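*Asks:* sharing a sequence plus its predicted fold:
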Amino acid sequence: MNKIVLASGNAGKLQEFSQLFSSWQIDVIPQSQFAIADAEETGLSFIENALIKARHASRLSGLPALADDSGLAVDALQGAPGIYSARYAGSHATDGDNNRKLLAELADTPDASRGASFHCALAFVRRHDDPVPLVVTAQWRGRILREAVGEGGFGYDPLFYVESEGVASAQLAREVKNRISHRGQAVESFRALWQEAMGSEAALV
Ligand SMILES: O=c1nc[nH]c2c1ncn2[C@H]1C[C@H](O)[C@@H](COP(=O)(O)OP(=O)(O)OP(=O)(O)O)O1
Ligand SMILES: [Mg+2]
C-alpha cells in the first residue's frame, strides 16, 4: 500500500483526514510518528504554506507528504485572520483564545455583515523537491455567530454558522462536516488529481 506522511500537528485535522481517507488505498501516517516538528509557516498564501509543510515533512521522512493549510477569512475584517488563523491571538494561542478575539473584533458588526469563508489548500509532494506538486483549494461559506455553540470539530467551528444545515459547524455530525466543508471538498478535488497522476506516474516523477 502507498504510504504518505500527513504533515500536520493539529489533532482536529488529523481526525477529519483519517475519516476522509478511510476509503483510500493509502496508508496516511501523521508526521508525529516520525517525530517531525511543525514547519515555520512563512508563506503569504494558504498554498505556499501547504507546500512548505509538505516539503518539510517529506524531507524529514523520506516519504511522499500531504499538507493542509487552512483558515478563516472574515468579510468584515478584510479577510483576517486568513493564513494567520492559528496565530490570531498570539503564537501560543488556543482555539478558545482565537475564538474570543474574533468575537471581540466583531462585537459591533451586525448580523448581515458577518459573512466568512473557511479556506483549505492541500499540497502533495512525492519527494521534498518535487517540481510538480499536486495542489488543490476549496472554500466553505458561512457566518460568524455571536457566541460559541456546539462541542464537535475544532478551531473556529463553534463560531461558524452553516446556513444549509441551520447549525454551527461544531454541531455537525463528523460525516456531514466532511461532506460539505472546505477540507472535505478539497479532498474530493485532490482525489481526481491523484487518480490522474497515479495513472501517469512515470511521466511525473
Ligand atoms: O475545519 C475547520 N474548523 C474550524 N477551524 C478550522 C478549520 N480548518 C482550519 N481551521 C482553523 C484552525 C486554525 O486556527 C487554522 C488552521 O491553521 P493551520 O496552520 O492550517 O493549522 P494548524 O497550525 O492548526 O496545524 P498544522 O499547520 O500543523 O496543520 O484555521
Ligand atoms: Mg499551522
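*Replies:* Yep, it's here. Numbering: from 1, shown residues only. Ligands and ions are numbered 1, 2, ... in the order given.
*Asks:* alongside ligand 1, which residues does this structure contribute?
*Replies:* By the rule C-beta under 6 Å from any ligand atom, the part of the chain lying against ligand 1 is 8-10, 13, 38, 41, 53, 68-72, 85-86, 98, 118, 153-157, 169, 181, 183. Heads up, the C-betas are built off the backbone N, CA and C, glycines and all.
*Asks:* helix/strand/coil for D27?
*Replies:* Recorded secondary structure, D27: strand (DSSP: H, G, I helix; E, B strand; the rest coil).
*Asks:* just the pLDDT for it.
*Replies:* Listed pLDDT for D27 reads 93.
*Asks:* what does A202 give?
*Replies:* Here the pLDDT value assigned to A202 is 41.
*Asks:* isn't A170 up against V162?
*Replies:* No: contact between A170 and V162 fails when scored by C-beta atoms under 8 Å: they sit 9.9 Å apart.
*Asks:* how about R146, nearest residue that isn't a chain neighbour?
*Replies:* L103 (7.2 Å; C-beta to C-beta, 6 or more residues apart in numbering).
*Asks:* do the same with L77
*Replies:* Nearest non-adjacent residue to L77 (C-beta to C-beta, 6+ apart): E105, at 6.2 Å.
*Asks:* neighbours around the one you found, how many?
*Replies:* Residues near E105, counting by other C-beta atoms under 10 Å, number 16.
*Asks:* any idea how far it lies from ligand 1?
*Replies:* 14 Å (C-beta to the nearest ligand atom, to the nearest Å).
*Asks:* what does I47 give?
*Replies:* Distance, I47 to ligand 1, using C-beta to the nearest ligand atom: 12 Å.
*Asks:* just the buried ones from the residues of the chain next to ligand 1?
*Replies:* 8, 10, 13, 41, 53, 68-72, 85-86, 98, 118, 153-157, 169, 181, 183 (16 or more other C-beta atoms under 10 Å).
*Asks:* out of those residues, which are inside strands?
*Replies:* The strands, defined by DSSP state E, take in 68-72, 118 from those.
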